[in-house]
Each structure stands twice: as structure tokens, then as C-alpha cells.
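[1] Here is a sequence together with a model predicted from it:
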Amino acid sequence: MTLPLDDLAGHYRAIIEGLGENADREGLQDTPMRAAKAMQFLTRGYQQNLDELVNNAVFESAMDEMVVIQDIELYSMCEHHMLPFIGKCHIAYLPQGKVLGLSKFARIVDMYARRLQIQENLTRQIAEAVENVTGAKGVAVVIEAQHMCMMMRGVEKQNSRMKTSMMLGQFRKSQATRSEFLNLIGNHR
Ligand SMILES: Nc1nc2c(ncn2[C@@H]2O[C@H](COP(=O)(O)OP(=O)(O)OP(=O)(O)O)[C@@H](O)[C@H]2O)c(=O)[nH]1
Ligand SMILES: [Zn+2]
């Protein structure tokens, strides 16, 4: 399902005028529709769902050791200011009979990142999705990101990063499992 763009473009025109600009001047004539398409792209996660995305790419496997997918890049939009936050996501899971197609981890990250988010909820949603799809004994997700709302405006801090983690199942119960994961992703960086 794709939402109609004309309404959104009209709202962008109002924003441009609200800024005191002339929406009809040459450089801005196509901007409302362009901006509407860009924003729809940046929030395309609303048009996706987990079942279609995974597309049955869950495979039987006797693998029962930790699997880590590291440094999945992430572009999201903060729900407070509608400004980007950008970073990396690391995912680990302990399979129990089933493994998930590698690309699907990145697709899950994107589906939830490409919405209006706060980093904490994004972290939790990714972890729960991986748990649901794989039935794993445990899932861990760490996100480290920089928020434009803190860099370009507000407190204007250029170097701070936010780290969030969500530990489910064995990663929550066992300090050793958690440490193994954090060591593997080099969490001292
Ligand atoms: N916990 C959390 N906070 C976030 C995230 N993205 C933005 N924020 C914060 O949301 C808060 C909104 O605070 P408000 O005081 O309502 O808004 P504001 O006046 O624009 O805040 P300042 O950014 O401090 O200027 C700010 O502290 C932001 O830094 C996020 O992903 N997680
Ligand atoms: Zn913000």
C-alpha cells in the first residue's frame, strides 16, 4: 500500500511558505513533491510487514552456537523532531533448530528504522522481531547512533553517541553469554 503523495506535497508547500519562502520561485517549484517522495522513502517501513519481509527464509539447522551480524548501518528519523539519527546495529542470536537468511536481519533493521522512532523502541522492536521469526534461545541487539536533533540544533553536541541494548532469553539470563556477544562486537570502542 502506498499513500497518496499529493496531500503530503501540499503540506510541504505550506511548510515552505511558513518559512517565509516563495514556493513558486524557480528553485522551489518541484520541491514539495520531491520532498514528499523523499519523506515517503525515509518512512517506507510503514508499508512493510514482517511476514512478507522474511519470505519464509528460515532454514532448519543444527547450528546452536552464537551467530552475530555486526555493523548493519541504520538510518532512522527521531519521532520528536523528525530529524535523522544515523548509526549501526549489531544483532546476535542463539539458534535452536532454525536460522534466518542473512539479508533478513538487515531488512528487519530497515523495516523498523524507516519509521518515526526513538532509539530505545527501535532496539526492542528489532530484538522481538528476530525472536519471533527464529524462535531463538536468546536474541541481543545493540544500536549506537548519533542524533541530528542533538548535533544540528538544541544542545549542539557533535561527538556524543547513544548506545542502547536489548537482551532477550539467554542473553538476559547469562552474564557469560552477554559478555561473549559484547566482546565479539568490540563494545569497548
Ligand atoms: N531517549 C531518547 N530521547 C530522544 C531520542 N531522540 C531525541 N530524543 C530527545 O527527546 C527530547 C525531547 O525533549 P523536549 O524538551 O520535548 O524537546 P526540545 O525542547 O526540542 O529538546 P532539546 O533537544 O533539549 O532542545 C530531547 O531530550 C531529545 O534529545 C531518542 O531516540 N531517545
Ligand atoms: Zn530529535
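    Perfect, thanks for sending it. Ligands and ions are numbered 1, 2, ... in the order given.

[2] how deep is the residue of the chain at minimum distance from ligand 2 tucked in, by neighbour count?
    As assessed by Cβ to the ion, ligand 2 sits closest to residue 149 within the chain, at 2.8 Å. C-beta: built from backbone N, CA, C; applies to glycine. Using other Cβ atoms under 10 Å, the number of residues around residue 149 comes to 16.

[3] Got the domain ranges for the chain?
    Domains of the chain are assigned by automatic domain parsing as 5-42, 55-184.

[4] mind checking which of those is nearest residue 49?
    Minimum separation from residue 49 across the domains of the chain (Cβ to Cβ) falls at domain 55-184, 8.0 Å.

[5] Can you get me the start-to-end distance on the closest one?
    In domain 55-184, first residue to last residue: 29 Å (Cα to Cα, to the nearest Å).

[6] mind listing what the closest residue to residue 48 other than its chain neighbours touches?
    Spatially, and ignoring its direct neighbours in sequence, residue 48 is nearest to residue 111 (4.6 Å; Cβ to Cβ, 6 or more residues apart in numbering). With contact set as Cβ atoms under 8 Å, 6 or more residues apart in numbering, residue 111 has these partners: 45, 48-50, 53, 129.

[7] May I have the phi/psi pair for residue 111?
    Torsion angles at residue 111 (phi, psi; degrees, to the nearest 10) stand at phi -60, psi -40.

[8] per-residue confidence for it?
    pLDDT, residue 111: 98.

[9] Over to residue 23?
    Reported pLDDT for residue 23: 98.

[10] That one: how many residues sit nearby?
    16.

[11] swap in residue 102?
    Other residues within reach of residue 102, judged by other Cβ under 10 Å, total 10.

[12] Specify the beta-bridge partners of the nearest residue to residue 97 once chain neighbours are set aside.
    In space, residue 97 comes closest to residue 60 once its chain neighbours are excluded; the distance is 6.4 Å by Cβ to Cβ, 6+ apart. In this entry, residue 60 is beta-bridged to residue 98, by DSSP bridges.
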